[in-house]
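Q: Structure for the following, please:
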Amino acid sequence: MKTILIVEDREDIAELIQVHLEKDGFATLLASNGEKAIEILGKLKVDLILLDLMLPRISGMEVLKIIKSHPKWGSIPVIIESARSDETDIVEGLELGADDYVTKPFSQKVLLARIHKILDRLSFNEKVFININQGELMINRESMEVVANGTLLLLTSIEYKLLELLALNEDKVLNRDFILEAIWKDDAIVVDRVIDVHITLLRKKLGESSRFIHTIRGVGYRFSSRMVKS
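A: Residues are numbered from 1 along each chain as shown. Reported below is the predicted structural model:
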C-alpha cells in the first residue's frame, strides 16, 4: 500500500481528498502546515506528497524547496495544488522539482489519475532494462551496460551511476545535493563542480543521445526523452 502525505490547511478539502484516496486503496497522512509535513517526513515513509502552495507560516513553495534539497526526501514525487491564476507559482514549482500540479478547484478523478501516472512511472525504476526512445539508448541494470544507437559505451562506474540515476528519475529535476548524496554518499571531499565534469564526459560518450540530459541552471540536471534541448 502506497502512502500519500496530504499537506493542506483547509480541513474540509484535506478530508475530502483523504476519503477519495483511501477508497482507491492508498494510506494517507495529513499535515495542516509545513512544519507538520516536515515532521512527518522525518519519521515516516511517504511515497508521494500532495502539497498546497497556500499554507500558513511556511509557504508551500518553501516546503517544496526543503523537500527537494533534502538528500532523503528529494526523490519523493510531489504534486502541487495551486489556484488557476497562479501560473507563475506553478512554473516555479515545476522548476523546483514538483512532478505535476492540479489547479483548484480540481476533480478528484483527475487527481487520482495524476497520482497513478506518477506512481506507475516510479514502478519503472524496478525494471532491469531501461529502453529510451525505442532503443536509441538502452541500459542494462544487471550488467551495467549501456548501448547508444547500437554502440556499446565504455563508461566509468561514476558515469554509469549518473546516467542510471538520471534515467530512473526521468522528467524530474535532480539538484546537486541529491546527486552528491546518491552517487558519492559520505565522501566529504567531493564538490559540485565534480558533477559537472562527469556530466560533460558522459555527454561526450553518449553522442547524439546526450540531448536527453538537460542542465537546469543553478539547480542541477534533468533527464528527458520528450523535451527539446534548449
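Q: Quick check: the residue nearest to Val219 when sequence neighbours are not counted vs Glu92, distance?
A: Of all residues not flanking Val219 in the chain, Asn175 sits nearest, at 5.3 Å (Cβ to Cβ, 6 or more residues apart in numbering). Every residue, glycine included, has its C-beta placed from N, CA and C. Between Asn175 and Glu92 the distance is 15 Å, computed by Cβ to Cβ, to the nearest Å.
Q: out of those two, which sits in the more crowded spot?
A: Counting neighbours by other Cβ atoms under 10 Å for Asn175 and for Glu92 shows that Asn175 has the greater number, 22 against 17.
Q: So what pairs up with the more buried one in the strands?
A: Beta bridges link Asn175 to Gly220 when assigned by DSSP bridges.
Q: ok, now which ones touch the residue nearest to Val219?
A: Neighbouring residues of Asn175 by Cβ atoms under 8 Å, 6 or more residues apart in numbering: 68-69, 74, 97, 219-220.
Q: which two from those residues end up farthest apart in space?
A: Using Cβ to Cβ, these reach their maximum pairwise distance at Gly74 and Val219, which is 11.4 Å.
Q: Give me the common contacts of those two.
A: 97, 175.
Q: The two: which has the busier surroundings?
A: Neighbours per residue (other Cβ under 10 Å) separate Gly74 from Val219, with Gly74 holding more: 23 against 16.
Q: nearest residue to the more buried one other than its sequence neighbours?
A: Phe178 (4.0 Å).
Q: again, but for Lys45
A: Thr3 (6.4 Å).
Q: do the same with Gly25
A: Met1 is the one closest to Gly25 (Cβ to Cβ, 6+ apart), at 6.7 Å.
Q: For Lys23, see how far away the one you found is.
A: For Met1, the distance to Lys23 - Cβ to Cβ - is 13 Å.
Q: of these two, who's got more company?
A: Ranked by neighbour count (other Cβ under 10 Å), Met1 and Lys23 place Lys23 first, with 10 against 7.
Q: start to end distance for stretch 116-133?
A: Start to finish, the residues bounding stretch 116-133 are 22 Å apart (Cα to Cα, to the nearest Å).
Q: how about Lys161, what does it touch?
A: Contacts of Lys161 by Cβ under 8 Å, 6+ apart are 182-183.
Q: and it, which of the three is it?
A: Here Lys161 is recorded as helix under DSSP: H, G, I helix; E, B strand; the rest coil.
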